[in-house]
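1. Below are the sequence and a predicted model; questions follow.
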Amino acid sequence: MTRPDQPASAAASDETLFGPEAADYARYRPGLPDAAVRLLAATQHGVPAPVLLDLGTGTGQVPRALLPVLHRLAHVYMVDVNASMLAAARAAVEPDRGACTVDVFTGAAHTFAPAAPGRAPTLITCCRSFHWMARPEVLSMADRVAAPHTVMAIMGDGSLWTHQADWAAALRPLIQNYLGEDRRAGPHSTYAEPDRSYEDDLADSAFSAVTEHSFPLSRVWTPEDVIGYLRTTSFARPALFAGHHPEFEAAALRLLQDHASGSVLKEDAVFTVLLARRPGGDA
């Protein structure tokens, strides 16, 4: 996980990449493993009124997972460049927020600034989104706004493009047949192998004390679920197919059904959490 799974771009906009697919994103993107949620909650032990800053919040998976577990959570900032995602996120957290207050910030993560003083984040999370960001600038922003003992959590588990399940591997050449050999990264760019890991980024930041936590997991998909997930990706979203998306989805569904065992597809993955603190912070 600790190498970015897709290229970052200062010009990348989730409104361009994911805006039309916000509903599919909420429905088909896997949530956080329970063990990872418990780990995040444990970082706030002893914090009387935790404040969460969730960068690249998407449809709010992180706050949705934490609110029922971290009952002392006092405030949540949700940050995304996509207004559709933020609207979905705000609606999703409403049933569980209780007395917790919520602010949304529409814009690039590195431009975030709290709307009011006195609510310094004590936990900053970035789940499956750090690769889209101006990472050094994000870490500098975090240093400016964070409380003294803030914990940063950078998390992810890759994407179906990189997974090694036979059905996932078979999808890649089908996508390439429609979109070209190079892996797409939205409408205007292609994937380029990164030259820095997340650990490299953190080592050069104020949050250079890092521990890594890995959670193996097994997922079960239906072919239809995979089709829905693909609509949310930067490498196979519908707008990339220039009118051929229905044809692609029909071919992909046949391929997945051929690989399914008992109408399901299995995926083994590892969800990795990098917990980063300023040196001298609590371990």
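-> Received, thanks. Residues are numbered from 1 along each chain as shown.

2. mind listing the helices for the stretch 101-250 of the chain?
-> 135-145, 166-179, 198-203, 223-231, 245-259 (DSSP state H, counting those that start in this stretch).

3. I'd like to know which of those helices lies nearest to Pro95.
-> Of all those, helix 223-231 sits nearest to Pro95, with 23.1 Å by CB to CB. For glycine as for every other residue, the C-beta is placed from the backbone atoms N, C-alpha and C.

4. pLDDT on that closest one, on average?
-> Mean per-residue pLDDT for helix 223-231: 95.

5. now swap in stretch 255-268 and tell me
-> 94.

6. Using CSV, please lay out the helices of the stretch 101-250 of the chain together with mean neighbour count and distance to Arg29.
-> What follows is these, written out as CSV (neighbours: other CB atoms under 10 Å; distance: least, CB to CB, whole Å):
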stretch, mean neighbour count, distance to Arg29
helix 135-145, 18, 21
helix 166-179, 16, 16
helix 198-203, 18, 20
helix 223-231, 19, 7
helix 245-259, 15, 18
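
7. Check the gap between the closest residue to Pro238 other than its chain neighbours and Gly107 for me.
-> Sequence neighbours aside, His245 is the residue nearest to Pro238 in space, at 4.3 Å (criterion: CB to CB, 6 or more residues apart in numbering). From His245 across to Gly107, the span is 30 Å (CB to CB, to the nearest Å).

8. Over to Tyr198?
-> Taking CB to CB, one finds Tyr198 at 22 Å from Gly107.

9. isn't the residue nearest to Pro238 right up against Ile227?
-> No - with contact defined as CB atoms under 8 Å, His245 does not count as touching Ile227 (10.6 Å).

10. Enumerate every residue touching the spatially most central residue of the chain.
-> Residue closest to the average C-alpha location in the chain (CA atoms, centre = their mean): Arg128, at 2.3 Å. For Arg128, the contacting residues are Arg29, Gly56, Gly58, Met155, Gly156, Asp157, by CB atoms under 8 Å, 6 or more residues apart in numbering.

11. give me that answer again for 6 Å
-> Gly156 (CB atoms under 6 Å, 6 or more residues apart in numbering).

12. gap between it and Phe271?
-> The gap separating Arg128 from Phe271 is 10 Å, by CB to CB.

13. and what of His245?
-> According to CB to CB, His245 and Phe271 sit 30 Å apart.

14. Check Ala113 too.
-> Counting by CB to CB - Ala113 and Phe271 are separated by 30 Å.

15. higher neighbour count, the two?
-> The neighbour comparison of Ala113 against Phe271 (other CB atoms under 10 Å) goes to Phe271, with 21 against 9.

16. Mind telling me what element that one is part of?
-> strand 265-277 (DSSP states H and E).

17. re earlier: mind pulling up the pLDDT for the residue nearest to Pro238?
-> Value for His245, per-residue pLDDT: 96.

18. Please identify the helix or strand for Leu40.
-> helix 34-42.

19. Give me the mean pLDDT for that helix.
-> On average, helix 34-42 scores 98.

20. quick one: the strands in the protein?
-> Assigned by DSSP state E, the chain shows strands spanning 51-55, 75-80, 101-106, 123-127, 151-156, 209-221, 265-277.

21. Of all those strands, which one comes closest to Ala169?
-> strand 265-277 (11.4 Å).

22. roughly how far apart are the closest residue to Glu249 other than its chain neighbours and Gly46?
-> Nearest residue to Glu249, sequence neighbours excluded (CB to CB, 6+ apart): Ile227, at 5.7 Å. Per CB to CB, Ile227 is found 45 Å from Gly46.

23. Next: Ala169.
-> If you measure Ala169 against Gly46 using CB to CB, the figure is 46 Å.

24. With Arg29 instead?
-> From Arg29 across to Gly46, the span is 32 Å (CB to CB).

25. Likewise for Glu199?
-> From Glu199 to Gly46 the distance is 27 Å (CB to CB).

26. which phi and psi does the residue lying closest to Gln61 once chain neighbours are set aside have?
-> The shortest distance from Gln61 to any non-neighbouring residue, by CB to CB, 6+ apart, is to Gly31 (5.6 Å). The phi/psi pair for Gly31 (degrees, to the nearest 10) reads phi -80, psi -170.
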